[in-house]
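S.K.: let's see this in three dimensions:
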Amino acid sequence: MTLNVGPPAAEVEERPNDFTGLILIGFAIVALGVFASWSWAFIVVAIIFMIFMHEMGHFLTAKLTGMKVTEFFIGFGPRIWSFHKGDTEYGVKLIPAGAYVRIIGMNNLDPVEPGDEGRAYMTKSFPRKLLVVTAGSLMHFAMAIVLIFGFLLWQGAPADDDSWQIAGVSDQSAAAELGLQPGDQILAVDGVDVRDFVQFGELVGARGGQDVEVVYSRGGETFTDSVVLGARLSEAGDLAIEGLGEFDRILEIDGVQVFSWDDVINTVGDRVGEPLRVVFDPANDAEIRVLDNAVFLELPPAEVATIGFFGIGPEANRQSLGVFESATESVVSFADAFGQILGGLYDTVTSGALPTFVGDTLSGNIDTVHDDITSTDAPEREAASVALDEGNPDEQRIISIYGAARIGSQVTEDGFDNALQLLAFLNISIGILNLLPLPPLDGGHVVIATYERLRSWGGRRHEVDYNKVMPITYAVFILLTGFGLLAIFRDIIDPINIG
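M.R.: As a prediction, the model looks like this:
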């Protein structure tokens, strides 16, 4: 998703439109929906649309400011379909790795035909250049605000208090045994009124394996029931078992179902030190796993070995908003998300996460079951059981477009409202990344245009020599491509699961 800064493409012959390529793309998307899931198909189409709108931003502003656009393509590589209208060739290329708009005279390496000098990018004023090169990111930001607006108008905004309701229920958990459903509200646990989700997590964390009374509401009715809370391994429990990790939840030992740590003690019995077949629920994975040679080194007491687990994820209670309120709140929410994503990007760059990511991925030092979990906070573990949250360091790793699509397909299956939030997040993230001050990204064009403007004073026009810029451009392109390929590889062998 960028402006094309290289030399002009060779002229191509006019040819009849061949729709075979487009038809094959359509069949591929339908096949993705039929054989994978329609949520995958939806996310893929949404991402293609995002790419298209990014370039549409460049295209429209270039036309608005009097620049000549010769190409507008989705994808790179060989053409599979195109047509000419006016000065511009529109089309689709084979490799769906982005898109580009070619504007004449982007730099001194791009010769302009006689008569077109007044329509070249380099001859335009600084404000016009700035508008064109930032238009792609501005389009992403506009789409994010629209998506947030749609979500708020549909779902409303979080209530002013700390009230919350259940967003999802984990399989084989205390919550599932009680028959709790999304939308239910927990009112009390073991006789203690629940104020917020943090306090709820503290109550549950201290009562692993205990039979507790739970009071909850559904549709205005109040219900009271008792259930034995499940348990995830504490740090001490992790150290007591070879093969499992902290926050894992044991479900079965040698074919015997276990729920509490007392069940574990009774089932293991005198087989401490022997390899046993254990079925468990990893804290950072949506899939139940089986370990054929887990070894219990010791059996510490429940209060030492486990942390209570209830099996729900929260969402704030929401209040309905009108059109005007939704519009206002969407801008505020966009600004908050923008700041958080920008701060996360800064932390990733300054914390050494990038070298760690590269080193771990290249060396294969990836434990896809255990190493991603570092939080010991019970409320965070509850939330992470149904949603990726700040307790999961995987959030700060580089995610490829494949990884984003995979996450998108998962959250879309849980509701279209989740897809709106994720797509808003992706639009903001892509918009910010494109404004990084590095060529060939849009932010690199901003830096060059600004530098030229600062050097052009006293009636003297200064133009940057792109012979000096191109080595940096190629180096950044290779670096970004390398990170992208590593991210795709990592997302394939160590996928992030939200479930």
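S.K.: report the central residue of the chain.
M.R.: Ala404 (4.8 Å; C-alpha atoms, centre = their mean).
S.K.: beta-bridge partners for Phe309, please?
M.R.: For Phe309, the beta-bridge partners are Gly230 (DSSP bridges).
S.K.: measure it to Ala176 for me?
M.R.: The gap separating Phe309 from Ala176 is 11 Å, by C-beta to C-beta, to the nearest Å. The C-beta positions use only the backbone N, C-alpha and C, and glycine is treated the same way.
S.K.: so which of the two has more stuff around it?
M.R.: Neighbour tally, Phe309 and Ala176, criterion other C-beta atoms under 10 Å: the higher count belongs to Phe309, 28 against 17.
S.K.: tell me what the helix or strand harbouring Gly482 is packed against?
M.R.: Gly482 is part of helix 466-493, with elements assigned from DSSP states H and E. Applying 3 or more C-beta pairs under 8 Å, 6 or more residues apart in numbering; DSSP states H and E, we find helix 466-493 packed against helix 353-363, helix 401-413, helix 442-455.
S.K.: the lengthiest helix in the chain relative to helix 442-455, how many degrees between them?
M.R.: Longest helix in the chain, counting residues (DSSP state H): helix 126-155. On the basis of axes from the mean of the first three to the mean of the last three C-alpha atoms, to 10 degrees, helix 126-155 is oriented at 140 degrees to helix 442-455.
S.K.: surely Trp164 and Ile312 touch.
M.R.: No. Here Trp164 lies out of contact with Ile312, judged by C-beta atoms under 8 Å, at a distance of 9.9 Å.
S.K.: for the stretch 301-450 of the chain, which segments are assigned as strands?
M.R.: 306-309, 312-316, 318-319 (DSSP state E, counting those that start in this stretch).
S.K.: can I get those in JSON lines with mean pLDDT and distance to Glu329?
M.R.: Output for the strands of the stretch 301-450 of the chain, formatted as JSON lines (pLDDT from 0 to 100; distance: least, C-beta to C-beta, whole Å):
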{"stretch": "strand 306-309", "mean pLDDT": "88", "distance to Glu329": "34"}
{"stretch": "strand 312-316", "mean pLDDT": "86", "distance to Glu329": "14"}
{"stretch": "strand 318-319", "mean pLDDT": "82", "distance to Glu329": "11"}
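S.K.: so which of these comes closest to Gly237?
M.R.: In terms of C-beta to C-beta, the element of those nearest to Gly237 is strand 306-309, at 5.6 Å.
S.K.: packing partners of the closest one?
M.R.: Where contact means 3+ C-beta pairs under 8 Å, 6+ apart, strand 306-309 is packed against helix 197-205, strand 230-233, helix 378-384.
S.K.: do me a favour and average the pLDDT over the longest one.
M.R.: Right, the one you point to is helix 197-205. Regarding helix 197-205, the rounded mean pLDDT is 90.
S.K.: try the shortest one
M.R.: Confidence over strand 230-233, taken as the mean pLDDT, stands at 86.
S.K.: over to the last one?
M.R.: Average pLDDT, helix 378-384: 39.
S.K.: show me which residues of the helix holding Gly482 are buried.
M.R.: 466, 469-470, 473, 476, 483, 486-488, 490-491 (16 or more other C-beta atoms under 10 Å).
S.K.: which residues of the stretch 201-350 of the chain score low on pLDDT?
M.R.: Along the stretch 201-350 of the chain, the model assigns pLDDT under 70 to residues 284-286.
S.K.: quick check: which of the strands of the stretch 301-450 of the chain is buried the most?
M.R.: Counting by mean count of other C-beta atoms under 10 Å, strand 306-309 has the highest mean neighbour count of the strands of the stretch 301-450 of the chain, with a mean of 26.
S.K.: determine how far that one lies from the middle of the whole chain.
M.R.: In terms of C-alpha atoms, centre = their mean, to the nearest Å, the centre of strand 306-309 is found 29 Å from the chain centre.
S.K.: go on, stretch 163-180?
M.R.: 25 Å.
S.K.: same check, this time on stretch 201-217
M.R.: Remark: stretch 201-217 is offset 32 Å from the chain centroid, using C-alpha atoms, centre = their mean.
S.K.: in it, what's buried?
M.R.: 201-205, 207-210, 212, 214-216.
S.K.: with stretch 150-164 instead?
M.R.: In stretch 150-164, counting by 16+ other C-beta under 10 Å, buried: 150-153, 155-158, 164.
S.K.: for it, what is the distance to the chain centroid?
M.R.: 21 Å.
S.K.: which residues touch it?
M.R.: Stretch 150-164 has contacts (C-beta atoms under 8 Å, 6 or more residues apart in numbering) with 185, 195-197, 314-321, 323, 325-326, 329-330, 333, 417, 420-421, 424.
S.K.: that older thread, and the strands of the stretch 301-450 of the chain as TSV, adding distance to Asp87?
M.R.: Formatted as TSV, these follow (distance: least, C-beta to C-beta, whole Å):
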stretch	distance to Asp87
strand 306-309	63
strand 312-316	50
strand 318-319	49
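S.K.: so which of these comes closest to Leu24?
M.R.: Comparison of the strands of the stretch 301-450 of the chain against Leu24 by C-beta to C-beta identifies strand 312-316 as nearest, at 40.2 Å.
S.K.: how far does stretch 129-145 sit from its chain's centre?
M.R.: On C-alpha atoms, centre = their mean, the centre of stretch 129-145 falls 20 Å from that of its chain.
S.K.: returning to that earlier point: now the angle from the longest helix of the chain to strand 312-316?
M.R.: Going by the same axes, to 10 degrees, helix 126-155 makes 110 degrees with strand 312-316.
S.K.: and the next helix or strand past helix 126-155?
M.R.: strand 157-158.
S.K.: and that next one, average pLDDT?
M.R.: The pLDDT scores in strand 157-158 average 81.
S.K.: just checking: what are the partner strands of it?
M.R.: In the sheet, strand 157-158 lines up with strand 318-319 (antiparallel) (DSSP bridges).
S.K.: correct me, but Val295 touches Ile241?
M.R.: Yes. Between Val295 and Ile241 there is a contact under C-beta under 8 Å: 7.0 Å.
S.K.: look at these two and report which has more neighbours.
M.R.: A side-by-side neighbour count of Val295 and Ile241, using other C-beta under 10 Å, places Ile241 first with 24 against 17.
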